[in-house]
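[1] Model the following, please.
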Amino acid sequence: MKKFISPGLLVLTFLLSAIGHYAHWPDTLQFIISAIAVIFVAGFLGKATESVAHYAGQRLGGFLNATFGNAAELIIGILLVREGMFETVKASITGSIIGNLLLVLGLSLFAGGLKYKVQRFNVPLANMNGSLMIVAVIALFIPAIFLQTHVLHEEDRTTLSLVVGGILIVAYILWLVFSMITHKKYLSDVVEEHKPEDGAAEEHGPAWSKKRSILYLILATVMVAFVSEWLVHTLDTFTQKFGLSEIFVGAFVVAIIGNAAEHSAAVLLAMKNKIGAAVEIAVGSSLQISLFVAPVLIFISHLFGKPMDIVFTIIELAAIGVSVFIAKSIIQDGQTNWYEGLLLLSVYAILGVSFYLV
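    Numbers count the residues shown, from 1 in each chain. Okay, the predicted model is just below:
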């Protein structure tokens with residue numbers, strides 16, 4: 001854990017992004033610099049979270065990474081909602097869900113599997129996560145079917161969206177109570193009894209002290225928030241200049257950049273045989289996006305006087321559905337290998353090409 005992104009590069013990219021934004025550099029240049037800055041800051045965030053996870057345990061550490069990692073996506077979502085860019089918001093939510101389930105989880109299983117033949121984690125936790133993912137799909141699928149097959153008044157669309165959003169938020173909060181309090185031991189981490197395989201490095205202590213790790217975690221989150229806001233202001237010009245659709249930019253470009261924190265932390269943890277934390281980051285982040293962030297954005301949209309409904313397009317629902325299906329089938333046995341990671345990445349590539357051609 002002592003090896004880390006150069007602090008100089010981290011500060012340099014952050015300052016360049018700030019200068020580019022406030023000095024009104026060309027939008028394309030701003031976008032490139034801000035995207036690079038988000039990735040560097042996300043790496044810092046991932047390392048801070050990994051250090052916190054050493055003190056808090058794999059499950060809580062994974063939850064913290066998912067939460068702080070999603071801070072960037074939540075902030076980006078709020079800014080897009082304020083601008084009334086609802087299609088991009090929904091595409092970004094879709095991209096976050098499939099990005100975590102296919103790209104983040106896939107890279108983690110692949111990287112960890114190359115180093116360790118088989119990696120194991122808690123089976124009951126895997127099954128519970130699978131069930132929650134199905135609930136998330138149902139919650140997005142049902143409103144779309146009812147609202148697209150029946151003519152409902154605008155007030156009814158708003159009511160249905162708010163009710164479904166409220167139910168999802170309550171379900172997510174109760175899941176945290178269930179997993180972190182009442183059934184904490186039942187869903188506890190799997191401790192590997194075998195020693196690292198030949199060539200595997202021994203586990204080192206955390207990079208920083210407990211207090212410093214928490215401080216860096218907060219600092220990294222604040223930095224991500226600023227860079228994310230600077231990035232959002234360049235999206236319109238970037239999309240129009242390169243002739244990209246909102247759904248592709250939201251589902252892949254924004255989502256990949258926003259998920260940079262999860263990418264770095266999950267892969268690093270998987271390569272250290274902490275697959276439980278890696279799965280918690282990837283799957284937990286998807287659950288947090290679908291059960292908490294998306295509903296919260298619906299409620300926030302009303303504060304801006306621009307109500308957003310919970311109706312996703314058929315393309316978005318299909319992408320989320322297949323992602324949940326393949327992810328659940330792979331993690332439900334509580335053990336993984338590199339080929340399962342490759343399968344997830346293959347599905348992500350198929351969806352990426354399909355979205356690009358829309």
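
[2] what about residue 25, which SS state?
    With DSSP: H, G, I helix; E, B strand; the rest coil as the basis, residue 25 sits in coil.

[3] how far away is it from residue 33?
    8 Å (CB to CB, to the nearest Å). Bear in mind the C-beta positions are built from the backbone N, C-alpha and C, glycine included.

[4] Any idea which helix or strand in this structure has the lowest mean pLDDT?
    helix 255-258 (a mean of 69; mean pLDDT, DSSP states H and E).

[5] follow-up on the earlier one: of residue 25 and residue 33, give the one with the bigger neighbour count.
    Taking other CB atoms under 10 Å, residue 25 and residue 33 do not tie; residue 33 has more neighbours (23 against 16).

[6] list the contacts for the more buried one?
    Residue 33 makes contact with 13, 16-17, 20, 25, according to CB atoms under 8 Å, 6 or more residues apart in numbering.

[7] about what we covered before: after the least confident helix or strand of the chain, heading C-terminal, what element do we hit next?
    helix 260-271 (DSSP states H and E).

[8] mind saving the C-alpha coords of that following helix as PDB?
    Coordinates of each C-alpha in helix 260-271 appear next as PDB, following Å, rounded to 0.1, in the frame of the first residue of the first chain:
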ATOM      1  CA  ALA A 260     -12.900   5.400 -11.100                       C
ATOM      2  CA  ALA A 261     -12.800   5.200  -7.300                       C
ATOM      3  CA  GLU A 262     -14.500   1.800  -7.300                       C
ATOM      4  CA  HIS A 263     -12.300   0.600 -10.200                       C
ATOM      5  CA  SER A 264      -9.100   1.300  -8.400                       C
ATOM      6  CA  ALA A 265     -10.000   0.200  -4.900                       C
ATOM      7  CA  ALA A 266     -11.900  -3.000  -5.900                       C
ATOM      8  CA  VAL A 267      -9.100  -4.300  -8.200                       C
ATOM      9  CA  LEU A 268      -6.400  -3.500  -5.600                       C
ATOM     10  CA  LEU A 269      -8.400  -5.400  -2.900                       C
ATOM     11  CA  ALA A 270      -9.100  -8.400  -5.200                       C
ATOM     12  CA  MET A 271      -5.400  -8.700  -6.000                       C
END
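
[9] could you pull out the helices for the stretch 201-350 of the chain?
    For the stretch 201-350 of the chain, the helices defined by DSSP state H, counting those that start in this stretch cover 210-232, 235-241, 246-248, 255-258, 260-271, 275-288, 294-303, 314-331, 338-356.
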